[in-house]
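Trainee: give me a model of this one.
(one chain, ligands or ions: 2)
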Amino acid sequence: MRKDRECILHTAEEIVHIRRAAELTAQVRDALPKACVPGMSTLELDEIAGCLIARTGGKSAFLGYGGFPGNICISVNEEVVHGIGRADRILNEGDIVSVDVGVAIDGGVGDSALTFVVGDVEVSAEVSHLLSVTRHALNQGLAQCRMNNRICDVSRAIEREGNRGGLGIVRDYVGHGCGTHLHEPPEVPNFFCGSPGPLLRPGMVLAVEPMFTLGTWKVKTDRINNWTVRTADGKWAAHFEHMVLITETEPEILTWPKTTC
Ligand code: MG
Ligand code: MG
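Mentor: Ligands and ions are numbered 1, 2, ... in the order given. Predicted structure coming up:
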């Protein structure tokens, strides 16, 4: 690992482990929408995720991180990020659930999220728009993850899609470097923050993660558990996240779906 003030360049050996952790993270992430049924509590979903993570041979990268009590983050409807599984939070058909998953194994760390609809039900045009625009913004951001671009190119691409879709762009939480630690420099904002940011170089691994809302960009943190982040106006939010390796050619999306558990 080569570290400077702005970013971390991972070695080829580290990248082998990061690639594996990211692949396992994606497998667990993609198994969760299938495992989630109406009537289930978010605690049950967290326990399923815990079993799936254990089955990979790795560990949850989130459990115990800064004291976080869950295996994964489960954020429902107006919850944006950092939701905690609860026995009394029952999922209903038509709810939207953001699952954020991290698997750590052999020195590599994965981090990936998606938002899905609970049950086999058609959601409103508004919610469908929220999900598709946020997913598209992530893809547009990933497309900018090329050598000699800068972080601001990723940020601007995401912000453009959010603005075009008329959605709130959460500012208080941002993407980040990732790889041998869950959070590494640099930050990857989902909006242009006024500076170009670091140059993208081969060996950098970024977790790109737009969080968009149907209303305000403003959020508040739960005063009791000090974790769960909700929209300030109660409007629903979506969150999609992939890890990407900067290479000398095309971006390599490390958490792209491949196989399932
Ligand atoms: Mg994440
Ligand atoms: Mg992340």
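
Trainee: sketch out the low-pLDDT regions of this structure for me.
Mentor: Residue ranges of the chain with pLDDT under 70: 1-5, 259-261.

Trainee: the stretch 101-250 of the chain: helices as residue ranges?
Mentor: 125-143, 151-164 (DSSP state H, counting those that start in this stretch).

Trainee: now for the last one, which elements pack on it?
Mentor: In this case it means helix 151-164. Applying 3 or more Cβ pairs under 8 Å, 6 or more residues apart in numbering; DSSP states H and E, we find helix 151-164 packed against helix 125-143, strand 168-169, strand 184-188, strand 205-208. For glycine as for every other residue, the C-beta is placed from the backbone atoms N, C-alpha and C.

Trainee: residue 160: which of these is closest?
Mentor: Closest to residue 160 of those is helix 125-143 (Cβ to Cβ; 7.2 Å).

Trainee: up against ligand 2, what does the stretch 51-200 of the chain have?
Mentor: On the criterion Cβ under 5 Å from the ion, ligand 2 has as its neighbours in the stretch 51-200 of the chain the residues residue 111.

Trainee: quick one on the thing from earlier: okay, the helices of the stretch 101-250 of the chain, which one's buried deepest?
Mentor: helix 151-164 (a mean of 21; mean count of other Cβ atoms under 10 Å).

Trainee: so how far is that helix off the chain centroid?
Mentor: Taking Cα atoms, centre = their mean, to the nearest Å, one finds helix 151-164 lying 16 Å from the centre of the chain it belongs to.

Trainee: start at 36, not 1
Mentor: Let's use 36 as the start, then, which means that last one is helix 186-199.

Trainee: angle of that helix against helix 160-178?
Mentor: 160 degrees (axes from the mean of the first three to the mean of the last three Cα atoms, to 10 degrees).

Trainee: and the angle from helix 186-199 to strand 219-223?
Mentor: Using the same axes, to 10 degrees: helix 186-199 against strand 219-223 is 40 degrees.

Trainee: so what's the residue count around the residue in the stretch 86-235 of the chain positioned nearest to ligand 2?
Mentor: Among all residues of the stretch 86-235 of the chain, residue 146 sits closest to ligand 2, at 4.3 Å; criterion: Cβ to the ion. The tally of other residues near residue 146 (other Cβ atoms under 10 Å) stands at 29.

Trainee: which ones are touching it?
Mentor: 60, 96, 135-137, 213, 217, 242, 276, 278, 290 (Cβ atoms under 8 Å, 6 or more residues apart in numbering).

Trainee: repeat that with 6 Å
Mentor: Residue 146 sits next to 137, 213, 242 when contact means Cβ atoms under 6 Å, 6 or more residues apart in numbering.

Trainee: thinking again about what came up before, make a markdown table from the helices of the stretch 136-285 of the chain and add distance to residue 247 to it.
Mentor: Putting these into a markdown table (distance: least, Cβ to Cβ, whole Å) gives the following:
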| stretch | distance to residue 247 |
| --- | --- |
| helix 160-178 | 4 |
| helix 186-199 | 5 |
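
Trainee: distance to ligand 1 for the ones you listed - can I get that in CSV?
Mentor: CSV is the format used below for the helices of the stretch 136-285 of the chain (distance: least, Cβ to the ion, whole Å):
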stretch, distance to ligand 1
helix 160-178, 12
helix 186-199, 15
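
Trainee: and of the ones you listed, who's closest to residue 76?
Mentor: helix 160-178 (21.8 Å).

Trainee: what sits up against that closest one?
Mentor: Taking Cβ under 6 Å, 6+ apart as the rule, helix 160-178 contacts 150, 189, 192-193, 196-197, 200, 202, 243, 245, 247, 249, 273, 275, 279, 286, 288.
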